[in-house]
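> next input, structure requested:
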Amino acid sequence: MISEYVATAKIVDPSKVAIKATSEGITPHAGAIYIEIPELGFLNPDLIYCRYALSIPFMKIQEGWKVLVKPTVNDDSRWFFTGIVDCGDEEPTDDDQLIIQLLSQVIYASTGGTIHLSAKGASEPFILGDKFKTYIDAHIDSKYNTHTHPTTATVAATAAVGVIGPPVVPAEKPVDIYSKKIFGE
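Prediction:
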């Protein structure tokens, strides 16, 4: 008997999979889908419950994708899908290339060499984001550039009594320590 088959994903929405599985007396599993295998005569509405077994966790399978499936019990029950056939029939709508579609994010590379995590229009740099840069800049300002020491001595540089600092030359803030090649939100 053949141990692996090419199947078509027919029901992939987790809530719809759970409803159908429960109605069939099956305990739903995370990532499970319903498939059809035409060469075995399993066509809609006679679908096979198929559990997730990809090496990449949480990849979202789309309805209509071709998946590689195999049975594990008696060579005809408890099916798992173990791979994507024909790249999941996924074709980018523009020149950007899809790498992985996870449940809530997409990772793809644009023609400009940028790797995107999540939305294509992501504006927050991934390595050191704008929010973190703002924090670092504020930290430098508060700890160094506006830093003062109260004193009762006369300060030679200003001939004043009472305050030392801030420094005459402010500390430099980093300008190029975050990536413009990796984006994510």
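
> residue 83 and residue 67, how far apart?
The gap separating residue 83 from residue 67 is 7 Å, by C-beta to C-beta, to the nearest Å. The way it works is simple: take the backbone N, C-alpha and C, and place the C-beta from them, glycine included.

> the more surrounded of the two?
residue 67 (23 against 15; other C-beta atoms under 10 Å).

> just the element for residue 35, please.
Using DSSP states H and E, residue 35 falls within strand 33-36.

> buried residues in that strand?
By 16 or more other C-beta atoms under 10 Å, the buried positions in strand 33-36 come out as 33, 34, 35, 36.

> for stretch 46-62, same thing?
Judged by neighbour count using 16+ other C-beta under 10 Å, the buried positions of stretch 46-62 are 47, 48, 49, 50, 51, 52, 53, 54, 60, 61.

> lowest-confidence helix or strand of this structure?
Lowest by mean pLDDT, DSSP states H and E among the helices and strands of the chain is strand 182-184, with a mean of 52.

> I'd like to know how far the residue lying closest to residue 81 once chain neighbours are set aside sits from residue 49.
Among residues not flanking residue 81 along the chain, residue 67 sits closest, at 4.1 Å (C-beta to C-beta, 6 or more residues apart in numbering). Using C-beta to C-beta, residue 67 is found at 13 Å from residue 49.

> residue 82 now?
For residue 82, the distance to residue 49 - C-beta to C-beta - is 15 Å.

> fine, thanks again, bye for now.
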